[in-house]
Each structure stands twice: as C-alpha cells, then as structure tokens.
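[1] Provided below are the primary sequence and the corresponding predicted coordinates.
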Amino acid sequence: MRVFLLGAGASKSYAQSPTKQRMPIAIDFFQTFDKLAAAANPWVLQEGLYGYLFKKGIRNPHDYLRAGVDIEALHSEIEEARNFASLNAESFAGYMIENKAYVELIFIFASVINEIQNGSVSNPHRTIAKHLNQYDAVLTFNWDTLMDRALAEKTDWKPDFGYGVTPHKIFRNGWSEPTVERRPAPQLIKLHGSTNWITAYPTNSADGKIVLSHEADPSTLHVFEFADGPYACHAGRFMPGYCPYSYGYYPPNLFHVPGRRAPEGYMFLRARPKVPWREEGTAASDGLTSMPLIIPPVKKKSYELFGALFANLWSDAENQLVQADEIVIIGYSFPRTDLQSNSLFLNAFLRRTTVPRVIIIDPAPEKIAEKFRLEFGVPEAKIAVVKDYFSEDFDLAKHLGAP
C-alpha cells in the first residue's frame, strides 16, 4: 500500500494555469493576487481587511499588504483579535471589524486558488494518480483541487465517497444527495479542508464562542463539484466560466441546513450597503449564505469549529500511515509551527510493527530526511532522498517501488 503526502511544493508544480501564475507562498500572496483579474473585481471584497489595518494605524493598507507581509502571520493576528473581541462584550464593534477581515481573507485566499487552478487538469497530479490503486491514499495539507480533478479523471474516485467522509450534499448544478454506490478507488484526505468544501459563516454565540451560522451538526460537509449555470449565492453574484471543482469567489448558498436562531429576546439583522461602483448580481440570493470550508494558515488552527470532521480525517490519515508500505512525501517541509503534522507521524510510527520505505521529493530534503531518522526512527537504508522540484517533467515512476 502506498501513501502520498502533498505539501505546498506539489501545488507549486501546476504550470498550466491560464492566469500564467503558480500557487503563491505566504510572503508573495498579495503580489500574486494583484496579477489576477479577481483583484480588480469589485465583487471581491477587501474593505474589511483594509478597515482592520487602518484601525491598527496603517495608513496605506494596499501598499502594506504588497510589501512582503506574511499572510499566515497576518491571518493569525486577525483571528486572535477576533476571538478576544468575541469574548468581551464591550468589544462587539471590534469583533465586527475583525470578523469581517478574517472572513474576507478566507474568501481572498480561496479566490486566488480558484483562479489559478481554473485550467486544464494538472499533469503532475495526473502522474501521481496513475500510480495509485484502490488501496492507496493521498494525504494533503493543500486547499486546492488539483489532486481531486486528477483522481476523478484517472481513477474511479468521486467526491461522494473519496474524501474519507460522506458529504451531506454535493453541488452538481444544484444540491443533491451523494451517490449510494461506492467504487474501489484511492482516498484523498484533505487535512486542512478544501476550496470546494462549503460551510456557513462563523458568528459569535451568546457566551462569546465562535460558532457556525447554521444549527446542523458542525461537522456537516457540503461539496462543490460543478455548475453549468447561475446558482443562488451572496447578493446574487454568480460568476461564470469555471471548471469543475472551482467557482468564482462566491460558492452556492446552502438550502438543506437550518440557520442559527437568535437568542431569546434578540434578532439577527443583516444589512448590505449598495454602492455605485459595485454592480448588483443577477442570480438568485436565497438560502443560507455560504463560504469556503478551509482551515486557514494560522498558528492555532480551529479544527473544533467543525465538530468531529477534522478529528476523523486526521485519525483516518494516521491509520493510512500505519498501514503504508511506502510513503512518498512531495514538497512538504514539516514546519516547526505545525505540531499536529509531527504528532500525526509520531503516533502512526509508534503503532507500526514494520518500517516503511520513505521517499522524499524536495529541493531541500536534508532536514526532512534527518527528521525521519532522528524523530520517527526510520533507518537511513529505508529513506530515499530525491533532491529536485516536483514538476510535469519529473520521472516519478523511476523512484517508486514495485506496486
């Protein structure tokens, strides 16, 4: 059995985007954003983020964001400020500012990925899919859908059963039930969510906790597959022209989960200002407003907001690592701040009775190999190091063991 672990380097291999851009890294995110048509689209909201920075005393937020600011550090800062404000009643106005900035960053983050991946199926990911059978798995920390599309094209994988969790509904020109039929196919376990996973907005409860704006089980998952025409979304702002597993900024609204009720004696009020520089959408806008379900790149990741969803996915990933005969790591450097990924491997290797073969594909693989030797206890003879970038021309078959 073979397990692939994909990090940012795997996504960076996608060179077929019509935008001519590759997936960004933390310090060049807004420079990449500026090169996309979405940056000039008035429906792509940025004023909440700018308002937060202006409140901090940054007089030119636009230039500040393009001066090499680390989006992971910024998102972490905003999340901490939002959570603090939510727990302090006197800071409600502050909570509104920080929450708007937090949500906008998630939307911008997902939008950049959607724009870049909105092209032909990734050739490097097709190569991975060719080397997978029904017993294999792909674990990924990436939010893009490059692997999803490659698996759907090259194997019997489907989102109905291929994510290691059964979606509540799948959008295929409308929300529908996942198929009952389950075909033999690899699993794709997305440990930080996905741009095509859909949820409701976060809000704060009466006791100051951050909760989802629906009252279904918080682990409820909606998945977007494709839309050939307009769908109901926020303010009717449907954008056409996207390939399967991608959409234009606003995902479809939710219709099969109850919205959260206001506490006794209160009511929810929603207001949307109309401004002359932002055209009104022409699609429907009914349903519960939705947003991408991703765990953003913050220091303290809020997996618990989504109930047992991510706990189950991480447990599944650990089981896959326990069973694997061969583990192939592409473009993941095990950052020191991501303690959960370290624990994932430590826990899995402590449960193993055999030692797997480990293949590391990375332009700077030395520290990763050292980690497997010293921390995970894998003998050097079991580690194959490939000092190279993963790309369309990379000969993956040359480095893999027999299936």
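    Nice, thanks for sending it over. Numbers count the residues shown, from 1 in each chain.
[2] figure out the helix or strand that Gln320 lives in.
    helix 309-323 (DSSP states H and E).
[3] kindly format the C-alpha coordinates of the following helix or strand past that helix as CSV.
    Sequence order places strand 326-330 as the next helix or strand after helix 309-323, per DSSP H and E. Below are the C-alpha coordinates for strand 326-330, written out as CSV (Å, rounded to 0.1, in the frame of the first residue of the first chain):
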residue,chain,number,x,y,z
GLU,A,326,5.7,3.1,1.0
ILE,A,327,5.3,6.8,2.0
VAL,A,328,6.1,9.4,-0.7
ILE,A,329,6.5,13.0,0.5
ILE,A,330,6.3,15.7,-2.1
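[4] what's around Arg182, how many residues?
    Neighbourhood size, Arg182 [other Cβ atoms under 10 Å]: 13. Quick note: C-beta positions are derived from backbone N, CA and C, even for glycine.
[5] model confidence for it, exactly?
    Looking at Arg182, its pLDDT reads 82.
[6] now the one 4 residues further on
    What the model reports as pLDDT for Pro186 is 97.
[7] ok, the residue nearest to Lys130 when sequence neighbours are not counted - contacts?
    Distances taken as Cβ to Cβ, 6 or more residues apart in numbering put Lys154 closest to Lys130, at 6.0 Å, once the chain neighbours are dropped. Residues in contact with Lys154 (Cβ atoms under 8 Å, 6 or more residues apart in numbering) are 126, 129-130.
[8] I'd like the residues you listed laid out as CSV, including distance to Gly9.
    Compiled in CSV, the contacts of Lys154 are given as follows (distance: Cβ to Cβ, whole Å):
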residue, distance to Gly9
Arg126, 17
Ala129, 17
Lys130, 19
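[9] and which of those residues is nearest Val385?
    Lys130 (22.8 Å; Cβ to Cβ).
[10] and the gap between the closest one and Asn123?
    11 Å (Cβ to Cβ, to the nearest Å).
[11] where does pLDDT dip in the stretch 51-200 of the chain?
    Within the stretch 51-200 of the chain, the segments meeting pLDDT under 70 span 89-94.
[12] which residues of it fall in strands?
    Along the stretch 51-200 of the chain, counting by DSSP state E, counting those that start in this stretch, strands occupy 137-140, 169-172, 175-176, 187-190, 193-200.
[13] among those strands, which is nearest Ile360?
    Evaluated with Cβ to Cβ, these place strand 137-140 nearest to Ile360, the distance being 14.6 Å.
[14] more neighbours: Lys130 and Asn123, which one.
    Ranked by neighbour count (other Cβ under 10 Å), Lys130 and Asn123 place Asn123 first, with 17 against 12.
[15] so that one sits right up against Phe394, yeah?
    No - judged on Cβ atoms under 8 Å, Asn123 makes no contact with Phe394 at a distance of 10.0 Å.
[16] give me the residue at the spatial middle of the chain.
    Trp143 (2.8 Å; Cα atoms, centre = their mean).
[17] right, and it touches Ser194 too?
    Yes - judged on Cβ under 8 Å, Trp143 makes contact with Ser194 at a distance of 5.7 Å.
[18] so what sits against both of those two?
    Common neighbours of Trp143 and Ser194 (Cβ under 8 Å, 6+ apart) are 292, 294.
[19] where does Lys367 sit, in terms of helix or strand?
    Per DSSP H and E: helix 366-374 holds Lys367.
[20] tell me the spacing between Asp148 and Phe29.
    Taken as Cβ to Cβ, the span from Asp148 to Phe29 is 22 Å.
[21] how about Ser11?
    Distance from Ser11 to Phe29, by Cβ to Cβ: 13 Å.
[22] so where do the helices sit in the stretch 201-350 of the chain?
    Here the stretch 201-350 of the chain has its helices, by DSSP state H, counting those that start in this stretch, at 309-323, 339-351.
[23] returning to that earlier point: common neighbours of Asn123 and Phe394, please.
    Common neighbours of Asn123 and Phe394 (Cβ under 8 Å, 6+ apart) do not exist.
[24] ok, Asp148 and Phe29, which is more surrounded?
    A direct count of neighbours by other Cβ under 10 Å for Asp148 and Phe29 places Asp148 higher, at 28 against 25.
[25] disregarding residues adjacent in the polypeptide, which is nearest to that one?
    Using Cβ to Cβ, 6+ apart, the closest residue to Asp148 is Tyr245 (5.3 Å).
[26] now do the contacts for the one you found.
    Neighbours of Tyr245 in contact, by Cβ under 8 Å, 6+ apart: 117, 145, 148-149, 195-196, 224-226.
[27] tally of neighbours for Lys301?
    The burial count for Lys301: 18, using other Cβ under 10 Å.
[28] what's the local residue count around Asp286?
    Quick note: Asp286 (other Cβ under 10 Å) scores 9 neighbours.
[29] now do the same contact list for the residue nearest to it when sequence neighbours are not counted.
    Distance criterion Cβ to Cβ, 6+ apart; nearest residue to Asp286, sequence neighbours excluded, is Ala232 at 5.3 Å. Residues near Ala232 by Cβ under 8 Å, 6+ apart: 252-253, 255, 283-287.
[30] hmm, back to that, quick one: mean pLDDT over the helix holding Gln320.
    Mean predicted lDDT for helix 309-323 stands at 97.
[31] C-alpha coordinates for it, CSV please?
    This file holds the C-alpha atoms of helix 309-323, laid out as CSV (Å, rounded to 0.1, in the frame of the first residue of the first chain):
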residue,chain,number,x,y,z
LEU,A,309,-14.9,16.5,10.9
PHE,A,310,-11.2,17.1,11.2
ALA,A,311,-10.6,14.8,14.1
ASN,A,312,-12.0,11.9,12.0
LEU,A,313,-9.9,12.9,9.0
TRP,A,314,-6.7,13.1,11.0
SER,A,315,-7.5,9.8,12.6
ASP,A,316,-8.0,8.3,9.1
ALA,A,317,-4.7,9.8,7.9
GLU,A,318,-2.9,8.2,10.9
ASN,A,319,-4.4,4.8,10.0
GLN,A,320,-3.2,5.2,6.4
LEU,A,321,0.3,5.9,7.6
VAL,A,322,0.2,2.9,9.9
GLN,A,323,-0.7,0.6,7.0
